[in-house]
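Undergrad: Predicted model follows, preceded by the sequence.
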Amino acid sequence: MSDLATRLAELEEIVREAKSMPLSSSALLNREEVLEMLQLMQAELPEEIKQARWVVKDREDLLAKARGEAERIVAEAHEDQLKMARREEVVERARQEAETVMDQAEDRSRQIRKEAEDYVDAKLAQFEIALRKILEDSQAATKGLARTLETIEVGRDRLRNPATTAEQEFGPVDPRDPAAQDPAATTELFDLEAE
């Protein structure tokens, strides 16, 4: 690159030092000298161009690599964004499903609680009816027992105070009387009285 620049500088110097044509902006140049200078420049030009092409190629490679890297980063960012969106969608769907499940569980819990309360209420009503029946039966049995006790007490009083109608009419039984000692004889006596 420096050789080419030197040749260009020399060519510029030749043009500057060229004699001007009178009444014109044209200049007289040494044709041989300018052609030689151009040939030297052409000889050096391919190396310079090759280096320039390498620079351009390297630049294009770097740009392509940078473009590819940028596209990859954008694609990854887009993919990450989609993943996050999907994740947020999944989270939202899970939240909605959780709310639905909770609502259903609360409804089912209320229903079970009501069914349990109704069941317990029905059982308590049956138990109350059974207890009332037992109480009524117990009260009837108590009355019957009370009547039986009264009858027993009357019977015991009669046993303790044997003042039967026969005894009241005929007087107390003489223990020495054979009829008092033989119950069969007493029965015969009652039979005779009945006749």
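TA: Nice, thanks for sending it over. Numbering: from 1, shown residues only.
Undergrad: Arg7 - how many residues pack around it?
TA: 19 (other C-beta atoms under 10 Å). C-beta coordinates here come from the backbone N, C-alpha and C atoms, glycine included.
Undergrad: Which residue lies nearest the spatial centre of the chain?
TA: Ala98 (4.5 Å; C-alpha atoms, centre = their mean).
Undergrad: Averaged pLDDT, the longest helix along the chain. What do you get?
TA: When the chain is parsed with DSSP state H, its longest helix is helix 31-160. The pLDDT scores in helix 31-160 average 85.
Undergrad: list the helices and strands that helix packs on?
TA: With contacts defined as 3 or more C-beta pairs under 8 Å, 6 or more residues apart in numbering; DSSP states H and E, the packing partners of helix 31-160 are helix 2-17.
Undergrad: Counting by contacts, list what the helix it packs on packs against.
TA: Short answer (3+ C-beta pairs under 8 Å, 6+ apart): helix 2-17 packs on helix 31-160.
Undergrad: how far does the helix it packs on sit from the chain's center?
TA: Here the centre of helix 31-160 is set off from its chain's centre by 5 Å, with C-alpha atoms, centre = their mean, to the nearest Å.
Undergrad: just the angle between it and helix 2-17, please?
TA: Put simply, helix 31-160 runs at 130 degrees to helix 2-17, going by axes from the mean of the first three to the mean of the last three C-alpha atoms, to 10 degrees.
Undergrad: Just give the number of residues close to Asp80.
TA: Considering only other C-beta under 10 Å, Asp80 is surrounded by 10 other residues.
Undergrad: And Ile134, by the same measure?
TA: Neighbour tally, Ile134, other C-beta under 10 Å: 11.
Undergrad: quick one: it from Phe127, how far?
TA: 10 Å (C-beta to C-beta, to the nearest Å).
Undergrad: Please apply the same query to Glu10.
TA: From Glu10 to Phe127 the distance is 127 Å (C-beta to C-beta).
Undergrad: And for Asn161?
TA: 49 Å.
Undergrad: picking that back up, higher neighbour count, Glu10 and Phe127?
TA: Between Glu10 and Phe127, Glu10 has the larger neighbour count (other C-beta under 10 Å), namely 14 against 10.
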